[in-house]
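Colleague: Structure of the sequence below:
(2 chains)
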Amino acid sequence: MSSTTDSFEASRTEKLRAIEALGIDPWGSRFDGHMPIGEVLRLDADLPEEQRPHVKVAGRIVLNRSAGKLQFIDLWDWTTPLRKNKETREEERGKLQVMVGQRQVGEPSWSLVKLLDLGDLLGVEGRFGRTKTGEPTIFAEKLTYLGKSLLPHPDKHSGMQDIEFRLRHRYLDLIYNPETLDRARKRIQILKTIRRHLDEKGFVEVETPVLHAIAGGAAARPFVTHHNALGIDLFLRIALELPLKRLLVGGLERVYEMGRVFRNEGISPRHNPEFTMLELYQAYGDYHSMMDLTETLIVNCVISLEHGSKLPYGDRVVDYTPPFPRRSYGELFEEHVGVAMTDVEGCRAAAGKTGFATANKHPDVIVHHLFETKVEPALAKLDQPIFVFDYPAALCPLTKRKRERPEIAERFELYVLGMELANAYTELNDPITQEQTFRQQLAGLPEEESMAKMDEDFVRALKHGMPPAGGLGIGIDRLVMLLTNTTTIRDVILFPLLRPEARPRS
RNA sequence: GAAGGCGUAGCUCAGCCGGUAGAGCAACGGACUUUUAAUCCGUAGGUCCUGGGUUCGAAUCCCAGCGCCUUCACCA
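Modeller: The predicted model follows:
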């Protein structure tokens, strides 16, 4: 805090005392029956003066102009629609104008008006119409002070540009950058759509533990914490998979969880240490049932955003009109790499050309390297989502193999513009294979990097009989990024992790 | 974790081949009963991220640290 910040705060605190001296509570209180500003602005503003509707609103003061014994105050609330800037034609934060006249409101309201600051919260009652210059306006009859802002708000025109400042003051970002609130709303809409769709399909939402004794279900470094009473370390979950599958054993035939998972890895425009996953499992289904479900799920989300079936992303437009193409991994591989994925030597040679060290590598690892370097860039050029199915088995330890081709795992990924949006399997329900796979995975790797931790209790659950099932995982943050045309994950998470702010004073 | 870029008033930004710290908005005082990024007159506001170095002199050049951004690695 600098001394100028202190002086801003001191000046506003003085006004707060002055407001108290008027007999007004500077922190406001319950204010019933106010109309959302967005609704007020939809009212007919052109009625004759005596027919003008009486309205009551509450909002944040975002602009404040005094003209002698008149004061023009612009209020904002979360329903205020965007409006077009006359010069730049860009959408900007909308607002509702309030006109306060000294004669019309009298005392103590007029004294209060003189003490208002940008950022204060104000309730207004009055008639809604137009001023002489044509601006939709509430002609104030009664003011109710609803709360003081002791700190100055950002510049009314330039707003907030500094990314760090926006992230550290997300509450201001929501007010002054309309896109931020819009994205938050779209995220909420997407989550709602997913829940409604799964509900309609007979799925139930469950809550499984966040604290795990064994961090399993994915390959990632966990966060470690400690339980004092039990005297044991616990891990924050890195996936939702294993508890949900236990529920399949328990007879919950269609379950899902949409929840936070935690991975102790790098932070980037696409990675936040905590992020939201959707995982769902359907008994007696397989990965093809998951493909159908994924398609309708995504299409419903797109439609729910009310932009038809096409959405922009950067300089691209993605067409989500179903059906999405479905291509097998091997087919795409041969098409773009030029050799069959079963041709071990051919793959080794092709990978060598890309500078990839192939020695001692599992053939499937080489294959997947080629897929990433040759096939994925081609997928990124498509203007519609594409399902890629039937993956090399070694890449997918928790996946059922194809009965007639055990080197192939029944898995698909949904790619949109090269991003992996969804990942699904026919789940492995054979406890013997599961246990072997766990052990194989554990064998060659340092413990902290092992692909899947041995979870004896999970294997025991499978031994009691898990139904054959399809399972699906979707990274919700990335889905929201894609559907809201957002390039950084921090902008689809309201409070992304930041290093704690250094405080200059002790 | 690595490399590159950035850090100046409450906010948005100039200034950067070294020579007294600048603007707009916000704030403060004043004028105005139809403004709307109101206007007009006036005033105040700075650890130029932090610490060290070079220099007669550093916001500016060098080194280190901190924070953020971008790219890469790990991963979703």
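
Colleague: Please work out which residues outside the lengthiest helix in chain A touch it.
Modeller: In chain A, assigned by DSSP state H, the helix with the most residues is helix A:178-200. Helix A:178-200 is touched from outside by A:78, A:82, A:91-94, A:166, A:170, A:173-175, A:205, A:254, A:256, A:258, A:278, A:280, A:296-297, A:300-301, A:304-305, A:476, A:479-480, A:483-484, A:486, A:491-492, A:494, with contacts defined as C-beta atoms under 8 Å, 6 or more residues apart in numbering. From N, CA and C alone the C-beta is placed, and that goes for glycine too.

Colleague: Count the neighbours of the closest residue in space to A:Lys142 that isn't next to it in sequence for me.
Modeller: Nearest-residue entry for A:Lys142: A:Glu125, 4.2 Å, with adjacent residues in sequence omitted and distances by C-beta to C-beta, 6 or more residues apart in numbering. For A:Glu125, the count of nearby residues is 16 (other C-beta atoms under 10 Å).

Colleague: State the distance from A:Glu125 to A:Leu22.
Modeller: Per C-beta to C-beta, to the nearest Å, A:Glu125 is found 18 Å from A:Leu22.

Colleague: Helix, strand, or coil at the residue in the stretch 251-400 of chain A positioned nearest to RNA strand B?
Modeller: Here the stretch 251-400 of chain A gets closest to RNA strand B at one residue, A:Gly266, 2.9 Å apart by C-beta to the nearest atom of the strand. Put simply, A:Gly266 is coil when judged by DSSP: H, G, I helix; E, B strand; the rest coil.

Colleague: What count of nearby residues applies to it?
Modeller: A:Gly266 has 8 neighbouring residues, counting by other C-beta under 10 Å.

Colleague: One more: the one 4 residues further on?
Modeller: The criterion is other C-beta under 10 Å. On that basis, A:Arg270 has 16 neighbouring residues.

Colleague: For the closest residue to RNA strand B within the stretch 51-200 of chain A, grab phi and psi.
Modeller: Closest residue of the stretch 51-200 of chain A to RNA strand B, C-beta to the nearest atom of the strand: A:Gly68 (2.0 Å). Main-chain torsions, A:Gly68, degrees, to the nearest 10: phi 70, psi -120.

Colleague: ok, how many other residues are close to it?
Modeller: 7.

Colleague: And A:Thr437, how close does it get to RNA strand B?
Modeller: Separation of A:Thr437 from RNA strand B (C-beta to the nearest atom of the strand, to the nearest Å): 16 Å.

Colleague: Does that residue touch A:Leu428 like I think?
Modeller: Yes. A:Thr437 lies in contact with A:Leu428 (C-beta atoms under 8 Å); the separation is 7.4 Å.

Colleague: which residues are in contact with both of those two?
Modeller: With C-beta under 8 Å, 6+ apart as the test, A:Thr437 and A:Leu428 both reach A:Pro397, A:Leu398.

Colleague: May I have the beta-bridge partners of the nearest residue to A:Lys402 once chain neighbours are set aside?
Modeller: Leaving aside its sequence neighbours, A:Lys402 sits nearest to A:Ile408 (C-beta to C-beta, 6+ apart; 4.5 Å). Judged by DSSP bridges, the bridge partners of A:Ile408 are A:Pro392.

Colleague: circling back to that earlier point, what residues of the longest helix of chain A count as buried?
Modeller: For helix A:178-200, the neighbour count (16 or more other C-beta atoms under 10 Å) marks A:178, A:180-181, A:183-184, A:186-187, A:189-191, A:193-194, A:197-198 as buried.

Colleague: relative to its centroid, which residue of chain A is most remote?
Modeller: A:Arg103 (49.0 Å; C-alpha atoms, centre = their mean).

Colleague: For that residue, which non-adjacent residue is closest in space?
Modeller: A:Arg103 sits nearest to A:Lys69 (C-beta to C-beta, 6+ apart), 7.0 Å away.

Colleague: Cool, thanks, talk later.
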